[in-house]
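In: what follows is a protein structure lacking sequence information:
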């Protein structure tokens, strides 16, 4: 027996049972969930109705994440699933689904911020990197003026700055890994970040009591 997406097996709105008037059809076909894990990338292709192709990501370790307030996108490593509104088991097993809250590596965004504003983020990790840092590239006078002008008007959320110090940023996945084969999303900021931080703190408090 295959998995189906029909509604014949359900009761009517009035509560009456529907009698089965036909066998299962190909267009009612359903497939088991991908349950994408954070590991080295493995993607299967699936031929679907109409000859189209879906990309079933079984394992992913990186994705493209957008920093909305700065209008910049970087590919970065996925580290951990920290919150999922629908299923706590996805946190324990590090399963990637749409709108999972994950921690990603902050390094690509920190490098961009330093280049764009001339301001270093992540003071805790700075000392280690200074020893192996490449020699500084000299900039022209106009380039330095541009960077200086940007730095004067910049503003960074305190919660984001703290995350940069830890080397990890909270992000939400906006793609569907089991359909597109990608785990792309955006960095959490402002009210949305505060909302999820409260949710995670609440969940942590419950588990500590248990």
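Out: Looks like it came in fine. Please read all numbers here as calculations on a predicted model, not as lab measurements. Residues are numbered from 1 along each chain as shown.

In: for this protein, what's the longest helix?
Out: Using DSSP state H to define each element, the chain has its longest helix at helix 190-209.

In: quick check, central residue of this protein?
Out: residue 173 (3.3 Å; Cα atoms, centre = their mean).

In: check what pLDDT the residue lying closest to that residue once chain neighbours are set aside gets.
Out: Sequence neighbours aside, residue 185 is the residue nearest to residue 173 in space, at 4.2 Å (criterion: Cβ to Cβ, 6 or more residues apart in numbering). All C-beta atoms are positioned from the backbone trio N, CA, C, and that covers glycine. At residue 185, the model reports a pLDDT of 96.

In: what is the longest strand seen in the chain packed up against?
Out: For the chain, the longest strand by residue count, based on DSSP state E, is strand 72-83. The contact analysis (3 or more Cβ pairs under 8 Å, 6 or more residues apart in numbering; DSSP states H and E) places strand 72-83 against strand 36-38, strand 62-67, helix 89-92, strand 95-96, strand 101-105, helix 107-117, strand 168-173, helix 190-209.

In: and the closest residue to residue 122 other than its chain neighbours, what does it touch?
Out: Nearest residue to residue 122, sequence neighbours excluded (Cβ to Cβ, 6+ apart): residue 164, at 4.8 Å. Residues near residue 164 by Cβ atoms under 8 Å, 6 or more residues apart in numbering: 106, 109, 110, 113, 121, 122.

In: lowest-pLDDT helix or strand in the chain?
Out: In the chain, no helix or strand scores lower on mean pLDDT, DSSP states H and E than helix 123-132, which sits at a mean of 53.

In: I figured residue 120 hits residue 161, correct?
Out: No: Residue 120 is beyond contact range of residue 161, at 11.5 Å (criterion: Cβ atoms under 8 Å).

In: okay, now the unreliable bits of the protein?
Out: For the chain, the stretches with pLDDT under 70 are 1, 123-138, 141, 150, 152-153, 207-210.

In: got the contact list for the longest strand of the chain?
Out: Applying Cβ under 8 Å, 6+ apart, the external contacts of strand 72-83 come out as 38, 60-67, 90-91, 94-96, 100-109, 112, 116, 168, 170, 183, 196, 199-200, 203.
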